[in-house]
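Novice: Here is a sequence with its predicted model. Questions after.
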Amino acid sequence: VAISRDGRRLLFTTTSSRTRVWAFPFDPASGRIAGQPHPITDGSTGEADFDARADGSIVAYRTVRAGRSELWERSIGAGRERLLLSSTDWRIAKPLWSPDGAQLAVGGGDRTIRFFDTASGKQKRLLKQHADWVQTVAFSPDGKRLVTASIDKTARIWKVHGEESPLILRGHEDTVWSAA
């Protein structure tokens, strides 16, 4: 469950015989749903993790269907959808928008972190220093740093712009599952 950063959309995933991501218009003043829901996915996905851009206009989500891990971006109002990334060799983790909504970051089973440009949908940067699956990514509130958590028992703090090596937080006895 998530509320978009602008507070105007409530998003959640349901699972029955199919998994769907839904967006509801939401009134933050009253705390009530303010209109009809919009399905973001058609229900053919095996599972879904998602994040809404700060203005609530675009949702990025990852799915697994028919053995293929996919990263999708969908415009809520216009209903436009585009595939950003797909793999049958490794899984894609939950995507996360930067605070300004200009880029999307996602980790995955290939031990990398990818950044996508919002306007073009093209991959603009690839980070490769983890030794195992990157479970989670999290932007700092100002969007200048990204924290990653990995099965390799490390968390890393990266500068979003620049080529410096990340600060590596070692000493964990097991997988680092989450970062915020």
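Specialist: Looks like it arrived, so ask away.
Novice: So the residue of the chain most remote from its centre versus residue 70, what's the distance?
Specialist: Distance from the C-alpha centroid of the chain peaks at residue 30, with 28.0 Å (CA atoms, centre = their mean). Separation of residue 30 from residue 70 (CB to CB, to the nearest Å): 36 Å. Where C-beta positions appear, they are placed from N, C-alpha and C, glycine not excepted.
Novice: so after the helix or strand harbouring residue 135, what's the next helix or strand?
Specialist: Taking DSSP states H and E as the criterion, residue 135 maps to strand 134-139. Counting by DSSP H and E, the next helix or strand C-terminal to strand 134-139 is strand 145-150.
Novice: then that next one to PDB, C-alphas only?
Specialist: The C-alpha trace of strand 145-150 is given here as PDB (Å, rounded to 0.1, in the frame of the first residue of the first chain):
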ATOM      1  CA  ARG A 145      22.500   9.800  -2.700                       C
ATOM      2  CA  LEU A 146      21.200   6.200  -3.200                       C
ATOM      3  CA  VAL A 147      21.400   3.500  -0.600                       C
ATOM      4  CA  THR A 148      21.400  -0.100  -1.800                       C
ATOM      5  CA  ALA A 149      20.900  -3.300   0.200                       C
ATOM      6  CA  SER A 150      22.100  -6.700  -1.000                       C
END
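Novice: Contacts for that strand, please.
Specialist: If you take CB atoms under 8 Å, 6 or more residues apart in numbering as the criterion, strand 145-150 is touched by 105, 107, 111, 113, 127, 130-140, 155-160, 166, 175-180.
Novice: The helix or strand that that strand is followed by pairs with which strands, parallel or anti?
Specialist: Proceeding N to C from strand 145-150, the next assigned helix or strand is strand 155-159, under DSSP H and E. With DSSP bridges as the test, strand 155-159 is paired with strand 145-150 (antiparallel), strand 167-169 (antiparallel).
Novice: Figure out which of these is closest to residue 91.
Specialist: Among these, the nearest to residue 91 by CB to CB is strand 145-150 (13.2 Å).
Novice: re earlier: check the contacts of strand 145-150 for burial and list the buried ones.
Specialist: 105, 107, 111, 113, 127, 130, 133-139, 155-156, 158, 160, 166, 176, 179 (16 or more other CB atoms under 10 Å).
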